[in-house]
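Engineer: Got a predicted model here, sequence first, then my questions.
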Amino acid sequence: MTTESMTFDAIVIGAGPNGLVAANHLIDAGWSVLVIEEQPTVGGAVRSDNDVHPDFVHDTFSTFYPLAAASRTIQNLHLEDYGLVWRHAPAVLGHPGHDGAWAMLHRDRDITAGLMDQQHAGDGAAWLELCALWDEIGDALITGLLTPFPPVRGGLGLLRHLPKVGGIDFVKMLLSPVIDMADTRFGGPAPGVLLAGNAGHADIPLNAPGSGLMGLMMTMMGQTVGFPVPEGGAGMLTQSLARRVEDRGGLVQTSTRVAHIDVTNGRATGVRTADGTPYGATRAVVADVLAPALYGDLLDPGDVPAKVHQRMRHFQLDPGTVKVDWALDGPIPWASAPPYDPGTFHVADTRHQMAEALQQVHAGYVPASPFLLAGQMTTTDPTRSPAGTESVWAYTHVPQKTIGDAGDGTVRGVWDHDDAERFADRMQDRIERLAPGFGSRIMARRVLGPHDLEARDANLSGGAINGGTAQMHQELFFRPIPGLGRAETPISGLYLGSASAHPGGGVHGAPGMNAARAALAHGRIDKVVSPVRGWARSLRR
């Protein structure tokens, strides 16, 4: 199949990880597939570059991939056959304290527990008990979360394992805020800091339901599969996905923007690019795009049911992001060296200060002391920079709409060049206090504010990195809006395969896989046998 014929079984809009996963699954089923990507290279938010310093590889957006390591969808593609090599740091995660103590997550649970016991006797045993609970139910829980809603198979697995982990008490723990989860199990600060910091990867307030599940899942994945990175840069993951597509007969076309999805008699029949070129799709169109872009930009208003238009007005993005990359001429000069060198590290004085920073973001204020999620990439993968140097990044969340600055008032929240640089100075100062001399080791720095991120990937609207908020009111059958909790859309043959669809953000490929499976089943949304069937039918009227 070549683009000269202009017609394919399926067209995938977007060559991010979800779009490429969908393309691979459809090709494996024997379909002809064209993937169309707006940017010059594949990858979406999983790319890497040498823009900061020519001798350094920096991941442009996302970096560490525990969800990919835990995802059967990714693992079953055997990307190692297409050049993917995973690398791990000596330790998974560290959280430095101003008192010199480190909260540390090591892939060896006995080491993690031993370090916790050194800080508070008994926490090590409590940690191992928590790990044992995860061993029993973790795989079923992740399977349930990553499969289409309702998670029938994963749900049955959870029900089988639930009595062994405490039944309703375990469910209560998952639904608890992460701070409460930590306080009921541990006496020292280290476990709570680790759990809360990992919960902070999403935009769920740390005192809100759902943060406990997020914190536990991310932490236990770090404890079991680690936080791996692709050798040579994040882009090696998506490049291996693209190589697999092309090796099996699919086509990937870059530097091409899809401007419109054609719909005939209620069915998606193809797309048109920005230069007016049409491409036909005889079976399916899979859109790895934000839900508002799908329903508001790519489709004619008359092709979208009125109720979808109405409910999409209430679709909520996750907060914006500011990411800073540094090329250092030496390792980070920690005031107190960690017991093991961590790949990722978090920066917050305490978990309560972490919660305060995230609350400021939710309230519309630029945080005074931002909570940083950061990484030492050369520590994790020595190919990222010359020996003796370090490739480092940090990111933090900021409001989508800024009311004010909770700090010194110098950041306006408009996120032009000067605004982003001033806020990056605030972020850098947070690390400098823990690692005096950090600034003197900087060879080069890059600051990517919300507008910069969106310019490099249209799905990162306003710097939102998760395709929409991960809070409970926009998850499961509420994602992206009530009534559309699956990959199917009200338009036959059109499937939403981005992080805006269930189960949301993270590099696990589940939205793309769910969309591909729905396409293969030829499932129209009004024929899906599920609890959302009635809502879906009402959206079509």
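Structural biologist: Here it is on my side, so go on. Just so you know, these numbers come straight off a predicted model, no measurement behind them.
Engineer: what's the closest non-adjacent residue to residue 343?
Structural biologist: residue 89 (3.0 Å; Cβ to Cβ, 6 or more residues apart in numbering). The way it works is simple: take the backbone N, C-alpha and C, and place the C-beta from them, glycine included.
Engineer: So that neighbour belongs to a helix, correct?
Structural biologist: No - secondary structure assignment places residue 89 outside any helix; it is coil (DSSP: H, G, I helix; E, B strand; the rest coil).
Engineer: Show me how the record splits the protein into domains.
Structural biologist: 7-38+256-315+467-540, 47-107+319-465, 128-224 (automatic domain parsing).
Engineer: So which of these is nearest residue 250?
Structural biologist: The minimum distance between residue 250 and the domains of the chain falls on domain 7-38+256-315+467-540, with 4.4 Å, by Cβ to Cβ.
Engineer: how distant is the closest one from the center of its chain?
Structural biologist: Put simply, domain 7-38+256-315+467-540 sits 19 Å off its chain's centre (Cα atoms, centre = their mean, to the nearest Å).
Engineer: and if you look at stretch 40-56?
Structural biologist: Between the mean C-alpha point of stretch 40-56 and the mean C-alpha point of its chain there is a distance of 17 Å (Cα atoms, centre = their mean).
Engineer: contact partners of stretch 416-436?
Structural biologist: Residues outside stretch 416-436 that contact it (Cβ atoms under 8 Å, 6 or more residues apart in numbering): 96, 98, 322, 324, 332-335, 347, 366, 369-370, 372, 374, 394, 396, 398, 407, 410-413, 438-439, 445, 447-449, 451-452.
Engineer: Report the buried members of the residues you listed.
Structural biologist: In the contacts of stretch 416-436, burial by neighbour count holds for 96, 322, 324, 332, 334, 347, 366, 369-370, 372, 374, 394, 396, 398, 407, 411, 413, 438, 445, 447-449, 451-452, counting by 16 or more other Cβ atoms under 10 Å.
Engineer: And the helices in the stretch 1-150 of the chain?
Structural biologist: Read by DSSP state H, counting those that start in this stretch, the stretch 1-150 of the chain holds these helices, from start to end of the chain: 17-28, 66-70, 72-75, 109-119, 123-146.
Engineer: next one: the stretch 401-541 of the chain
Structural biologist: Counting by DSSP H, counting those that start in this stretch, the helices of the stretch 401-541 of the chain are 417-434, 450-456, 510-520, 533-540.
Engineer: deepest of those helices, which one?
Structural biologist: The highest average neighbour count among the helices of the stretch 401-541 of the chain, using mean count of other Cβ atoms under 10 Å, belongs to helix 510-520 at a mean of 27.
Engineer: just to revisit the earlier point, so who does the residue nearest to residue 343 touch?
Structural biologist: If you count contacts by Cβ under 8 Å, 6+ apart, residue 89 has them with 227, 341, 342, 343, 344, 376, 379, 380.
Engineer: What does it show for phi and psi?
Structural biologist: Backbone geometry at residue 89, expressed as degrees, to the nearest 10, gives phi -80, psi 160.
Engineer: gap between it and residue 56?
Structural biologist: In this view, residue 89 and residue 56 are 17 Å apart by Cβ to Cβ, to the nearest Å.
Engineer: quick one, helices of the stretch 251-400 of the chain?
Structural biologist: Counting by DSSP H, counting those that start in this stretch, the stretch 251-400 of the chain has helices at residues 291-293, 306-312, 351-362, 377-380.
Engineer: count of residues packed around the residue lying closest to residue 128 once chain neighbours are set aside?
Structural biologist: Counting by Cβ to Cβ, 6+ apart, the nearest residue to residue 128 once its immediate chain neighbours are dropped is residue 113, at 5.2 Å. By other Cβ atoms under 10 Å, 21 other residues sit near residue 113.
Engineer: check contacts around residue 113.
Structural biologist: Taking Cβ under 8 Å, 6+ apart as the contact definition, residue 113 lies against 123, 124, 125, 127, 128.
Engineer: Can you get me the start-to-end distance on stretch 116-132?
Structural biologist: The first and final residues of stretch 116-132 sit 16 Å from each other (Cα to Cα, to the nearest Å).
Engineer: Show me what the closest residue to residue 294 other than its chain neighbours bridges to in the sheet.
Structural biologist: Using Cβ to Cβ, 6+ apart and skipping the chain neighbours, the partner closest in space to residue 294 is residue 287 (5.0 Å). Taking DSSP bridges, one obtains residue 13, residue 496 as the residues bridged to residue 287.
Engineer: Hmm, residue 287 is touching residue 261, no?
Structural biologist: Yes - between residue 287 and residue 261 there is a contact at 7.3 Å, judged by Cβ atoms under 8 Å.
Engineer: shared neighbours, those two?
Structural biologist: When contacts are counted by Cβ under 8 Å, 6+ apart, the set common to residue 287 and residue 261 consists of 13, 294, 298, 494.
Engineer: rewinding a little: so residue 287 and residue 261 - more neighbours on which side?
Structural biologist: When residue 287 and residue 261 are compared for neighbours, residue 287 comes out ahead with 32 against 25, by other Cβ under 10 Å.
Engineer: ok, that one - contacts?
Structural biologist: With contacts defined as Cβ under 8 Å, 6+ apart, residue 287 is in contact with 13, 14, 261, 294, 298, 494, 495, 496, 497, 498.
Engineer: so what's the fifth one scoring on pLDDT?
Structural biologist: By that I understand residue 298. As predicted, residue 298 sits at a pLDDT of 97.
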